[in-house]
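**Q** give me the fold of what follows.
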Amino acid sequence: MKEVIFEACSKESLKDSFESLGLAIPDRPGFLTFSAAVEGEIMGYALLQPSEGNTLVMNYLYIEPIFRDCGVGSSFLVFIKDYVKTKYPSVKLIVRYSSEMNLSKIRHFFQANNCGPEKYAISNYYFTFDTWVNKIIPFCAIDYSTEVTCLEFSELTSKQIEDINTKSAAEEMSKHMNPLNCQYNPSTDIWLFMYDHNSDLIGWCYTSHNNKGLLHIHGVYVFEKYRRNYLGIYSWTATHKWYTSHNIYVRDITFEVEKTDKKLYRFYKTIYGDWLSKDIDYYVREV
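**A** Got it, this is the predicted structure:
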C-alpha cells in the first residue's frame, strides 16, 4: 500500500471533500481540520470542534471506503490524538457519533482503539420547514406580536447587551446558555431577543443556517417569571417570521433534545413528536 500522509490542514483545503458529502465546515474560529492523503489526493479527513469545559469534539472522522479495514483509520486517529496532546496538553478530546451511522462498526472501531466507554449525549429532532409552517405553528396557535418586540442581535444597544449578561448571571445560567458567550457569525447566525411592552427582556431564541437550507435551533430560553405562558413556543413563530421576511431559504429544521431530561423530552415529544422526519441519538467517548 502506498504511503498515507497525515497532517493538520486548513479548512479551505477540505471544502470540496465536505461538499461532496453534502456537508459544510462551520465558518467559526477554533475548529481544527486534518487530512489523510495518498500521492496528494485526499482520502480521509477529520474535523474537531471546540466545546465548553476545555474540550475538543471530533464530529467527523472519514476514510474513503477503498482504504478502510487496513489500519488507515486507526493510524489517522493516533495522529490526531498525538497532535492534540502535543499542541493542547490540557484539552480533553472526545468523539461524537450518531444512531444514524453504522453503530456496531463504529463501536467496534473505537473499542479496538482503546477509547473510553460510550455515553449517551443528546438527540437531534428534524422536521421540514413546510411541516413547521403548515402544522406546528397552527397547532401552537399563539401570537404575542402585539405584546412582544423581537430584536435581532445586531439591533441590540450596548445597554441591552449589558442587561442580558446581568440577568443571565442572576439566574445562575450555565455559560453555554448565554448566546453572548458564543462566537457570533453575522452571515449564518440569527439571534432573536424578546422584550415585553415595558422593554423588559423576556428571553431569546438563537439559531444558525447554512446554504443547504438547514436551520438549526441552538437554544430557546425564557426567564423564570415569564414561563408557563408559551413564550418559548412563540419564539419559534417569531423566528419563522424573521426568516421569511428576510427571504432566507429554509428546507429543514433541527434542534437538540436531551432525553435524559424527562420533563423537557415529554414537552417536545408532545408538541412535535407526530411530525418528526428524523430522531437521531448521539453518543460520545473520550479518545
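
**Q** neighbours around the residue nearest to Tyr97 when sequence neighbours are not counted, how many?
**A** Of all residues not flanking Tyr97 in the chain, Ile106 sits nearest, at 5.2 Å (Cβ to Cβ, 6 or more residues apart in numbering). For every residue, glycine as well, the C-beta is placed using N, CA and C. As a burial measure, Ile106 scores 17 neighbours (other Cβ atoms under 10 Å).

**Q** for Leu231, see how far away Ile106 is.
**A** Going from Ile106 to Leu231 by Cβ to Cβ, to the nearest Å gives 40 Å.

**Q** Asp143 now?
**A** Applying Cβ to Cβ, the value for Asp143 to Leu231 is 11 Å.

**Q** quick one: which of those two has more around it?
**A** When Asp143 and Leu231 are compared for neighbours, Leu231 comes out ahead with 21 against 13, by other Cβ under 10 Å.

**Q** the more buried one reaches Tyr144, doesn't it?
**A** Yes. Using Cβ atoms under 8 Å, Leu231 is in contact with Tyr144, at 6.7 Å.

**Q** straight-line length of stretch 122-142, end to end?
**A** Distance between the boundary residues of stretch 122-142 (Cα to Cα, to the nearest Å) amounts to 28 Å.

**Q** give the rounded mean pLDDT of that stretch.
**A** For stretch 122-142, mean pLDDT is 84.

**Q** and Leu156, what is it in contact with?
**A** Counting by Cβ atoms under 8 Å, 6 or more residues apart in numbering, Leu156 touches 164, 193.

**Q** also Glu147?
**A** The neighbourhood of Glu147, defined by Cβ under 8 Å, 6+ apart, consists of 196-197.

**Q** distance of it from Ser13?
**A** For Glu147 relative to Ser13 (Cβ to Cβ), the value is 50 Å.

**Q** identify the residue spatially nearest to Cys9, adjacent ones excluded.
**A** Using Cβ to Cβ, 6+ apart and skipping the chain neighbours, the partner closest in space to Cys9 is Ser35 (4.6 Å).

**Q** also Ala37?
**A** Nearest residue to Ala37 in three dimensions, chain neighbours excluded: Ile5, at 5.0 Å (Cβ to Cβ, 6+ apart).

**Q** right, and that neighbour touches Glu41 too?
**A** No. Using Cβ under 8 Å, Ile5 is not in contact with Glu41; the gap is 10.3 Å.

**Q** the two: which is more packed in?
**A** When neighbours are counted by other Cβ under 10 Å, Ile5 and Glu41 differ, and Ile5 comes out ahead with 13 against 7.

**Q** wait, what's in contact with the more buried one?
**A** Contacts here follow Cβ under 8 Å, 6+ apart; on that basis Ile5 touches 36-38.

**Q** of those, closest to Trp242?
**A** Looking at the contacts of Ile5 and their distance to Trp242, the nearest is Ala36, at 41.2 Å (Cβ to Cβ).

**Q** which strands and helices sit next to the helix or strand where the closest one lies?
**A** If you go by DSSP states H and E, Ala36 is part of strand 32-38. Judged by 3 or more Cβ pairs under 8 Å, 6 or more residues apart in numbering; DSSP states H and E, strand 32-38 is in contact with strand 5-9, helix 11-20, strand 41-51, helix 72-87.

**Q** for it, list the C-alpha coordinates in CSV.
**A** Output in CSV follows, covering the C-alpha atoms of strand 32-38 (Å, rounded to 0.1, in the frame of the first residue of the first chain):
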residue,chain,number,x,y,z
LEU,A,32,-9.2,22.0,13.7
THR,A,33,-9.1,20.1,10.4
PHE,A,34,-7.0,17.1,9.5
SER,A,35,-6.4,15.3,6.2
ALA,A,36,-5.1,11.9,5.1
ALA,A,37,-3.7,11.8,1.6
VAL,A,38,-2.1,9.4,-0.8
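
**Q** mind checking how far it is from the chain centre?
**A** The chain centre lies 23 Å from the centre of strand 32-38; the measure is Cα atoms, centre = their mean, to the nearest Å.

**Q** can you check the pLDDT for Arg285?
**A** As predicted, Arg285 sits at a pLDDT of 96.

**Q** and the gap between the residue nearest to it when sequence neighbours are not counted and Leu61?
**A** Spatially, and ignoring its direct neighbours in sequence, Arg285 is nearest to Cys115 (4.6 Å; Cβ to Cβ, 6+ apart). Cys115 sits 11 Å away from Leu61 when distances are taken as Cβ to Cβ.
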